[in-house]
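J.: compute the structure for the input listed below.
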Amino acid sequence: MKMKQLVDAVPSMQKIAGQDLHTGTLYRVSRLLGKTEPHLKFYDERRAVILEECGAWENGKFVPKPDMVETLETKMQELLGLDLDMEGIKPVKIPAYEDVRISYADLRLLEGLIEIEFEEDEEE
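T.: Below you'll find the model as predicted:
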């Protein structure tokens with residue numbers, strides 16, 4: 001999994017974590033979030049260093065230094081393109097009876113992290 005996929009999936013994971021789920025499912029989602037946390041912490045720390053190097057915050061908006069725009073893009077692409085070691089992180093299977101409310105876009109972003117589990121006769 002690439003860092004970008006994980007970063008993009010965070011809002012969707014938070015959406016699922018914010019729903020009322022059965023205890024077992026909630027526990028599995030919580031464990032998934034805990035296992036992805038070190039990757040996201042690294043991303044946040046490294047992103048802050050890159051932004052500090054390449055620009056400044058003005059009135060709550062990031063403004064890159066004119067001579068650092070290309071460097072900023074290169075470093076951010078490198079960071080987002082990192083291959084993550086996801087050993088020991090298996091997709092969480094959420095039973096369909098949980099009635100989780102997510103969009104198709106959320107489901108696509110969560111590929112490899114969350115799977116909705118249907119009984120065989122429900123899939124069609």
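
J.: only C-alpha atoms from now on, for both contacts and neighbour counts.
T.: Will do.

J.: can you pull out the strands in this structure?
T.: Secondary structure of the chain (DSSP state E): strands located at 55-58, 61-64, 92-95, 114-117.

J.: for the ones you listed, give me TSV that also has mean neighbour count, mean pLDDT and distance to Lys4.
T.: What follows is those, written out as TSV (neighbours: other C-alpha atoms under 10 Å; pLDDT from 0 to 100; distance: least, C-alpha to C-alpha, whole Å):
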stretch	mean neighbour count	mean pLDDT	distance to Lys4
strand 55-58	12	93	22
strand 61-64	13	94	20
strand 92-95	18	92	19
strand 114-117	16	91	16
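
J.: compare those and give me the one nearest Ser103.
T.: Among the strands of the chain, the nearest to Ser103 by C-alpha to C-alpha is strand 114-117 (12.4 Å).

J.: can I assume Met3 is in contact with Glu78?
T.: No. Contact criterion C-alpha atoms under 8 Å: Met3 and Glu78 do not qualify, at 9.5 Å.
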